[in-house]
Structures are given as structure tokens and as C-alpha cells.
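Novice: below are the sequence and a predicted model; questions follow.
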Amino acid sequence: MEQTKKSTFKLLFYLKKNELKKNGNAPIMARITIDGTAKTLGTKLEIDPNNWDLKYGRVEGKSATALSINKKLDNIRGRIDKIYEDMLKHEGFATAQKVKLSFLGVGVMDDAILKVFNDQNEYFKKLVEKEERSGATYNKYITVYNHLSTFIKERYHRDDMAFRELTADFIREFDFYLRYDLQCAHNTVWVYTMPVLSLVELAIKKGLIRDNPFQDYEISMEETNRGYILKEDVEKLMLCMPSHPRRYELVKDLFIFSCFTGLAYADIKKLTRNNIQSFFDGHQWIISRRKKSDVASNVRLMEIPKRIIEKYQGATRNEFIFPVPTNATCNTHIGKLIEKAEIITEQKVTFHTARHTFGTMFLTEGVPLESLSKMMGHKNISTTQIYAKITSHKISKDMDLVTPKFKAMEEAFLTVAI
């Protein structure tokens with residue numbers, strides 16, 4: 001059987017000296033030649049012609065500029081070489097035009113990472129319009145898409161990349177880009193890399209790629225101090241009489257409602273009469289799904305939140321239970337109420353503090369972790385476990401305060417023991 005003859009392949013970098021930039025630099029071009037046919041493309045790089053090594057197709061010297069541009073040229077060469085080899089392996093032949101188009105992302109758009117990401121965002125947008133998913137989550141995905149698009153353009157000089165071109169270095173370099181170029185905190189990097197990892201898993205399910213190129217990449221969210229107020233502080237707030245009741249009372253009631261249900265601002269805002277149901281035990285329950293994650297969140301109503309619901313019966317002209325102000329208004333009013341109630345906290349209190357207060361308060365009072373996780377609508381119990389560590393931290397701090405009061409007793413015991 002006659003073997004398939006491998007095509008001749010050559011890649012050359014050269015300067016386009018007849019189209020100098022205003023700063024005197026010349027664009028760096030790439031010429032792909034396969035079996036005698038050549039195709040050229042721009043690298044989006046430029047250099048002073050006096051610093052160009054014509055023989056080797058590189059920038060002369062060891063300056064920071066020379067090292068940076070030569071590294072980018074090496075990267076372009078590596079990617080074009082890989083495209084060429086992949087074409088021979090999977091398709092049996094390669095042409096200069098096919099390699100050029102593949103490098104530019106043309107012709108592979110159906111299985112390109114930004115194309116798939118954009119399609120997913122459009123689908124998610126429709127869910128937001130139906131109020132089935134959170135607008136805040138959609139905005140996060142758009143932000144990640146924009147960061148990823150900029151990263152691909154700056155790092156790979158491309159408008160898009162096929163999933164089959166992704167390597168382990170891609171996600172590590174994206175992590176580095178977020179962390180050092182954009183100065184994102186660790187947990188923000190975690191938030192921004194998760195959708196990219198999910199895209200690769202989606203590509204595997206769709207059969208666009210066989211193996212996960214990011215399987216060795218690991219990142220997890222670092223635990224942060226979740227702001228909350230104590231049970232006695234909630235009681236102080238309940239008894240607090242605001243100086244302008246009409247302005248602050250609704251927000252105070254909504255905050256307290258969250259403290260006893262664990263519902264976040266977005267979940268309280270979309271709460272309707274249909275969400276209040278009598279359950280198997282004869283009690284009333286809030287049966288809903290979290291707007292942020294679409295996870296079930298079922299909470300039995302205690303007397304305080306029931307009274308708050310009754311208080312605002314007929315306050316809206318639609319099916320919603322509460323006439324909820326904007327989140328910004330709620331946060332401003334909460335700050336004033338906390339000050340009025342003389343509640344001292346280490347962290348700024350916002351409306352979302354009420355949800356964390358529910359978690360710590362009910363865990364401290366003996367509600368099992370598993371039950372709390374179901375009520376708060378957490379996807380993983382590991383998220384709920386953070387509240388357990390917060391309450392342990394609180395116990396430790398309380399013990400630090402009480403320990404000095406036993407100092408004399410300890411000294412007396414040590415004297416006897418010795």
C-alpha cells in the first residue's frame with residue numbers, strides 16, 4: 001500500500017515595510033507555504049525595522065520589547081504548527097488556505113469557545129426574561145465572556161479558538177491574566193473560571209472534544225468572613241422605632257423577614273401568594289426556587305414572618321407579597337436602622353447580611369446542617385458548613401471574653417494542684 005506523501009510546509013515571519021505605521025514601526029506578517037502555495041496573515045504585532053533580523057525572522061537583541069515580541073511569535077508558530085499537524089492527522093491533507101482560516105478562527109466557529117459561550121449566554125438571557133434565572137448571574141456570564149474574549153485577542157492574537165486547540169496552559173494563563181493583569185481577588189478568579197470550565201464539560205458532552213484539557217487545573221473558593229448579626233441584635237432591630245416610620249419600616253420588616261426565612265433580596269422580591277402553601281405537617285411553608293441558582297428552597301414559616309406577611313396583605317396590586325424597594329435603597333435604610341438600634345458590628349450590614357444571620361442564628365440554636373442547607377437552597381452542603389465554622393469562631397471569641405473571669409479560680413486550682 002502506497003504511503004500518503006507528506007506535504008511540504010514552511011512558516012516565515014517578515015516585515016511589511018511598504019505600510020509603515022505613524023510611529024515608524026512596520027507590521028509583522030506571517031507567510032504560510034504548503035506545497036509551493038503561500039498565504040499571508042497579519043500577526044497584529046509591529047516593530048522598528050532597524051531591530052528586525054531578516055535572516056531569522058525575529059527581533060534582534062534582548063530588550064524587554066524584543067523578548068516579548070519573540071515570545072509571541074514563538075506562540076504563533078507553535079499554534080500554526082499544531083493546526084497543520086492536526087489537519088494531516090485527522091483530515092489527511094493540509095493547504096495554506098485551510099491552515100490560515102483555521103488559525104483565524106474562520107470555518108471552525110461552530111465548535112469555537114466564544115461562539116459556544118455566546119450561544120449559552122443568549123439561551124440564559126431568555127431564561128432571565130422568563131424570570132426563571134437571575135439577571136445578576138447573566139451579567140456575570142457577560143463579564144466573563146468579555147474577559148475571555150480580550151484574553152484570547154491579547155494572548156493568542158485571535159478572534160476565537162476551537163475547543164480542540166485548548167491546552168492545559170490556556171486555563172492557567174487565563175487564571176494568571178485575571179489574577180495579575182486584571183488584579184482580581186482569588187474568589188473572583190474562582191467565579192470567572194468556573195463558567196470556562198463548564199464550557200469545556202459542555203463541549204465534551206456535545207462531542208466537540210474527547211478529553212478535558214483542563215483536568216489538572218484546580219481552584220476552590222477561599223472561605224471569607226460572612227457578615228451577620230447576633231440573635232440579640234435581631235431583637236434590638238425588631239424593637240427599634242425608626243424616626244421616619246413610613247420611610248424605614250418596610251425595609252426593617254423585610255430585613256427581619258429574611259432573618260427568619262433565609263431568603264435573599266431577589267427571592268423575597270419575586271415571592272408570590274402561590275409560594276405560601278400548607279404542607280404535610282399542617283404548617284405554612286414557603287415553597288420556592290432560588291432565583292440565583294434555581295435550587296429548591298423550602299422554609300417553614302415561623303410566627304414572626306407570618307405576621308409580616310399578614311401586615312402587608314393588600315399592599316401590592318399584583319400577585320407579589322411585598323412592595324420591595326430597590327436593593328440600593330434597602331441597603332441605605334438598613335445602615336440607618338442598624339445605627340439607630342445601636343448595633344455594633346465588625347462588618348458593614350447590608351440586606352444580604354440577613355440571610356447570613358438566618359444561617360448562623362438557626363445553626364446556633366440547634367438546626368441540623370442538612371436541614372439548614374435545604375432551607376437555604378444550597379447546591380452543596382459544603383457551602384452551609386461555612387456557617388458552622390462561623391459559629392465555632394463566635395464561640396471561640398466568646399470564650400476569649402469569659403476566660404479572664406476565671407483567672408483567680410484557675411490560679412487557686414494550680415496552687416492546690418502543685
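Specialist: Alright, I've got the coordinates.
Novice: CA atoms for contacts and neighbours, from now on please.
Specialist: Fine.
Novice: all strands for the stretch 51-200 of the chain, in order.
Specialist: Under the criterion DSSP state E, counting those that start in this stretch, strands of the stretch 51-200 of the chain are mapped to 52-53, 58-59.
Novice: now the first one: how far from the chain's centre is it?
Specialist: If you compare the mean C-alpha spot of strand 52-53 with that of the full chain, they lie 43 Å apart, counting by C-alpha atoms, centre = their mean, to the nearest Å.
Novice: and it, what does it pack against?
Specialist: Helices and strands in packing contact with strand 52-53 are listed as strand 58-59; criterion 3 or more C-alpha pairs under 8 Å, 6 or more residues apart in numbering; DSSP states H and E.
Novice: let's test this: mean pLDDT of the strand it packs on, rounded?
Specialist: Mean per-residue pLDDT for strand 58-59: 93.
Novice: on that earlier part again, from the strands of the stretch 51-200 of the chain, which stretch is densest packed?
Specialist: Among these, strand 58-59 has the highest mean neighbour count (mean count of other C-alpha atoms under 10 Å), at a mean of 22.
Novice: tell me where the stretch 201-350 of the chain has strands.
Specialist: Using DSSP E, counting those that start in this stretch, strands in the stretch 201-350 of the chain cover 276-278, 284-289, 296-300.
Novice: buried residues in the first one?
Specialist: For strand 276-278, the neighbour count (16 or more other C-alpha atoms under 10 Å) marks Ile276 as buried.
Novice: quick one: contacts of it?
Specialist: Among residues not part of strand 276-278, those counted as contacts by C-alpha atoms under 8 Å, 6 or more residues apart in numbering are Gln284, Trp285, Ile286, Ile287.
Novice: average pLDDT for that strand?
Specialist: If you average the pLDDT over strand 276-278, you get 88.
Novice: just the second one next, same as before
Specialist: When pLDDT is averaged over strand 284-289, the result is 86.
Novice: so which elements touch that strand?
Specialist: In this structure, strand 284-289 packs against strand 276-278, strand 296-300, with contacts taken as 3+ C-alpha pairs under 8 Å, 6+ apart.
Novice: pLDDT weak spots in this protein?
Specialist: Scanning the chain with the threshold set as pLDDT under 70 gives 1-6, 105-110, 222-226, 291-293, 393-394, 416-418.
Novice: quick one, domains of it?
Specialist: Under the assignment named as automatic domain parsing, the residue ranges that make up the domains of the chain are 9-104, 109-205, 231-403.
Novice: isn't Lys35 right up against Leu11?
Specialist: Just to correct that, residue 35 is Asp rather than Lys. No: contact criterion C-alpha atoms under 8 Å: Asp35 and Leu11 do not qualify, at 12.0 Å.
Novice: the two: which is more packed in?
Specialist: Comparing Asp35 with Leu11 by other C-alpha atoms under 10 Å, the one with more neighbours is Leu11, at 17 against 13.
Novice: leaving out the residues flanking it, which one is nearest to that one?
Specialist: For Leu11, ignoring the flanking residues on the chain, the nearest one in space by C-alpha to C-alpha, 6 or more residues apart in numbering is Ile32 at 4.8 Å.
Novice: just put the domains of the chain in CSV and tack on distance to Tyr217.
Specialist: Converted to CSV, those look like this (distance: least, C-alpha to C-alpha, whole Å):
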stretch, distance to Tyr217
domain 9-104, 21
domain 109-205, 7
domain 231-403, 20
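Novice: in this structure, which strand is the longest?
Specialist: With residue count as the measure and DSSP state E as the assignment, the chain has strand 37-47 as its longest strand.
Novice: list the contacts of it.
Specialist: Strand 37-47 has contacts (C-alpha under 8 Å, 6+ apart) with 25-33, 59, 69, 95-97, 100, 157.
Novice: what residues are up against Pro213?
Specialist: Taking C-alpha under 8 Å, 6+ apart as the definition of contact, the neighbours of Pro213 are Leu166, Thr167, Ala168.
Novice: now the first one: closest residue in space that isn't a chain neighbour?
Specialist: Excluding the flanking residues, the one nearest Leu166 by C-alpha to C-alpha, 6+ apart is Pro213, at 6.4 Å.
Novice: could you do the second one as well?
Specialist: For Thr167, the nearest residue in space outside its immediate sequence neighbours is Pro213; the separation is 5.2 Å by C-alpha to C-alpha, 6+ apart.
Novice: give me the phi and psi for the one you found.
Specialist: Backbone dihedrals for Pro213, given as degrees, to the nearest 10, come out at phi -70, psi -10.
Novice: would you quantify the distance from it to Lys306?
Specialist: Taken as C-alpha to C-alpha, to the nearest Å, the spacing of Pro213 relative to Lys306 amounts to 51 Å.
Novice: ok so the residue nearest to Leu11 is a strand residue?
Specialist: Yes: in this structure, Ile32 lies within a strand as judged by DSSP: H, G, I helix; E, B strand; the rest coil.
Novice: count the residues that sit near it.
Specialist: By the other C-alpha under 10 Å criterion, the neighbourhood of Ile32 contains 21 residues.
Novice: got the contact list for it?
Specialist: Taking C-alpha under 8 Å, 6+ apart as the contact definition, Ile32 lies against Phe9, Lys10, Leu11, Leu12, Ala38, Lys39, Thr40, Ala96, Lys100.
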